[in-house]
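> Let's see this in three dimensions:
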Amino acid sequence: MSDVLDGTSAAPAGGPLQRRTFLAAAGVGALAVAGAGTAARAATGRTPVRVATVVLNGRVFTGTTGGTRAQAVAVGTDGKVLAVGSNADIRRRIGPRTVVIDADGGTVMPGIQDGHIHPLGAAAQSLNPSLGNASMTVELSRARLQEMLDATAAQEPDGWLQATDWNPVGLLPAGTVATKSLLDSLNTRRPIYLQGSDFHNSLATSRALALAGVDRTTPDPAGGKIVRGADAEPTGLLVDDAQGLVNQVIPPPSGDLILAAQKKMADALPAAGITSFLDAACGEEFDEAYAELMVKGVLPQRITPALLIDAELATKPQEAAEFLRGVRKRFAGPDRLRLTTVKVLLDGVMEFPAQTAALLDPYLDAQGRPTDNRGPLHVSDRDYRPLVRALDADGWQMHAHAIGDRAVRTALNAYEAVARPGRRSRRHTITHLQLVHPDDYRRFARAQVVASMQLQWARPSSFNDDVKPYIGLERYARLYPARSLAKAGALLAGGSDWAVDPLFPFIQIATGIDRSNPEGNQPPLNAREGLTRTQSLVMHTAGAAHQLHDGDSGTVCPGKLADLIILDRDITKVPVKDIRATKVQYTLISGRVVHDAGSETGRARVEAAQRIGAQSTGRTSGKSCCQGH
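This next block holds a predicted model:
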């Protein structure tokens, strides 16, 4: 079967991969240094591309290496960058219909490409009350939940209470393990389900378990665990794929509620500067939802849904391949919706009490002694290799959840087995990478594997504090080894994991640099693993663009799509701690203003910018021809 990912894109500087060379005339690139009209006509033989929008008075972070500072960008009616240069250079291109945006000294940079996010999940989650991921005592937890019940008393006795953002390691005092008794004691007959903020743990009442048919005789599903007491009765805790046993019996919200939530989600993405993304766990119905939202004009981004293969299907590579061929055959959606990627969960999470992240060496007990638990692999090394071989042959790109170092090694083993010298059309990815064995750092570059990391987690927190006694100081000192991976040649890509975490890309970028938590007084988490400012910015732009095969974007360079964000400060110069509070003033996707922070709705005030057409023009060569840093 032909490769669904034919062609490659430029890897960010310092990565192991080669730059893509586009087929087309080089005239658009010449616009950076020559007159627009003459250069465009010479290159294309067509009517020259008109300058639709210019951005002045900024500090342009192009995402490319070398060159001098730039202040301004010109965007054509084809939605591509025409030129990058000084204010004086770009002002000369302004015509009578050109929209002018004043960056007011803020950074102008490529849009954020999110390589691991769950927007439709975030929309659904927003329909339920939140516990705020807070740490609290059992008594306070009960009080908060009773308030939620009292506020919706009309739903007695059968309406479900679903609460989100429950912190499964946040019960105080530390080490307290939640059970269904916490919920069964509440003044209600309603079934209750608490969704863990990590999406790997949940807690259900006795009635919720009964409605789902979960009792002492229910077997653990593949890839999941029903936590049981000494009497074999379920305690109410459900881990990983066992959560689906209860989730599947909760009545869904109405279509109108879902659509309203999805529209709010769609506004949140450009407000955060997101111009392209990968939804990291999709069923076929997600593809249909995205296609519908795109057709309605709600989502302007380029979207890659990662089709989720459960642990049972992952053990049947030919059946999995046939299922995915069927999805691909049935799919009909906009070109901006790209079915290229398959998601597999190789393990769970490291935190107690779940401890389902797969480790090379055992977890420790509370006294620091090795146990017999290394955490389960949801998909074994023996099963993952043939799955990757079958799906790679069909042109799919793998996106593997791997928290523990044994899960990471399992993914690397499979990816190395299908790697071919010089082949750059696969971007097999490992995501999360909380713990990676040092022996495996260099394997990423050798097998051209993308390291997708969520570095907002690389800071002091209750979640990291929780794992410390159970993995020991040596492994704790290696958590989230971003700098070590980059130094070893790995290609880093950023991802928010929204709605597991809030959608604040600039917290991710800042924490990737300083590894600090400004809300506490603790020292940084493994400060030597902090990235440079440029590395962290590139990781969330060109790095994720490489992962997503979005080579027409990710840098601010003539010929690239004008996926741009304009910020309220110069994040290339402000103290790192101040990056966290960055606000996006404008977001442009293919040259079209899709977010304007100064408008009442967040939609664009600059109506003329919405009229940018889709005239075709020649593409630039792969050579970097814009100035910046």
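> On the secondary structure side, give me the element for Ala74.
Counting by DSSP states H and E, the element that carries Ala74 is strand 72-76.
> quick one, the helix or strand just after that strand and strand 72-76 angle?
Sequence-wise, the next helix or strand downstream of strand 72-76 (DSSP H and E) is strand 81-85. Orientation of strand 81-85 against strand 72-76 (axes from the mean of the first three to the mean of the last three Cα atoms, to 10 degrees) gives an angle of 160 degrees.
> May I have the strands that pair with strand 81-85, each with its orientation?
strand 72-76 (antiparallel) (DSSP bridges).
> From the recorded domain assignment, give the ranges for the protein.
27-111+555-611, 115-119+254-547, 128-247 (automatic domain parsing).
> Identify the residues contacting the closest residue to Val342 other than its chain neighbours.
Leaving aside its sequence neighbours, Val342 sits nearest to Trp396 (Cβ to Cβ, 6 or more residues apart in numbering; 4.9 Å). Backbone N, C-alpha and C define where each C-beta goes, glycine included. By Cβ atoms under 8 Å, 6 or more residues apart in numbering, Trp396 lies in contact with Val4, Leu324, Thr340, Thr341, Val342.
> next one: Met453
Thr431, His432, Leu433, Tyr480, Ala482, Leu492, Ala493, Gly494, Gly495, Gly512, Met539.
> what about 6 Å?
Leu433, Ala482 (Cβ atoms under 6 Å, 6 or more residues apart in numbering).
> mind checking how far it is from Leu479?
As for Met453, its distance to Leu479 is 11 Å (criterion: Cβ to Cβ, to the nearest Å).
> Then Leu149?
From Leu149 to Leu479 the distance is 38 Å (Cβ to Cβ).
> mind listing the helices in the stretch 51-200 of the chain by residue range?
Here the stretch 51-200 of the chain has its helices, by DSSP state H, counting those that start in this stretch, at 87-91, 119-125, 138-151, 181-184.
> what pLDDT, on average, does the second one get?
Averaging the model's pLDDT scores along helix 119-125 yields 95.
> Let me know the pLDDT of the residue most central in space within the chain.
In the chain, the centroid-proximal residue (Cα atoms, centre = their mean) is His116; its distance is 2.1 Å. For His116, the pLDDT comes out at 99.
> tally of neighbours for the closest residue to it other than its chain neighbours?
Ranked by Cβ to Cβ, 6+ apart and with sequence neighbours excluded, the top spatial neighbour of His116 is Gly495, at 2.8 Å. Residues contacting Gly495 under the criterion other Cβ atoms under 10 Å number 30.
> Likewise for Arg330?
Close neighbours of Arg330, defined as other Cβ under 10 Å, add up to 10.
> For it, report the pLDDT, please.
Confidence score, pLDDT, at Arg330: 88.
> Can you name the residues that contact Ala419?
Ala447.
> How about Pro221: what's its closest non-neighbour residue?
Pro221 sits nearest to Asp241 (Cβ to Cβ, 6+ apart), 5.0 Å away.
> Oh, that last question was meant for Pro353, not what I typed.
In space, Pro353 is closest to Val177, 5.1 Å off (Cβ to Cβ, 6+ apart).
> My read is that that neighbour contacts Phe352, right?
No - contact criterion Cβ atoms under 6 Å: Val177 and Phe352 do not qualify, at 8.1 Å.
> who has more neighbours, those two?
A direct count of neighbours by other Cβ under 10 Å for Val177 and Phe352 places Phe352 higher, at 17 against 13.
> Let me see the backbone angles for that one.
Backbone torsions of Phe352, given as degrees, to the nearest 10, read phi -70, psi 140.
> Asp240: neighbour count?
25.
> Next, Ser197: phi, psi?
Per degrees, to the nearest 10, the backbone of Ser197 is at phi -70, psi -20.
> got it, and Glu322?
Torsion angles, degrees, to the nearest 10, at Glu322: phi -70, psi -40.
> beta partners of Val593?
Beta-bridge partners of Val593, as defined by DSSP bridges: Leu588.
> So Phe463, which state does it fall into?
Per DSSP: H, G, I helix; E, B strand; the rest coil, the secondary structure class of Phe463 is helix.
> show me what contacts it?
Contacts of Phe463 (Cβ under 6 Å, 6+ apart): Glu351.
> And it, how close does it get to Asp365?
The value you get for Phe463 to Asp365, if Cβ to Cβ is used, is 19 Å.
> swap in Arg330?
50 Å.
> sorry, back to before: any idea how far the strand holding Ala74 is from the middle of the chain?
Centroid separation for strand 72-76 versus its chain: 28 Å, with Cα atoms, centre = their mean, to the nearest Å.
> I'd like to know the average pLDDT value across it.
For strand 72-76, the per-residue pLDDT averages 98.
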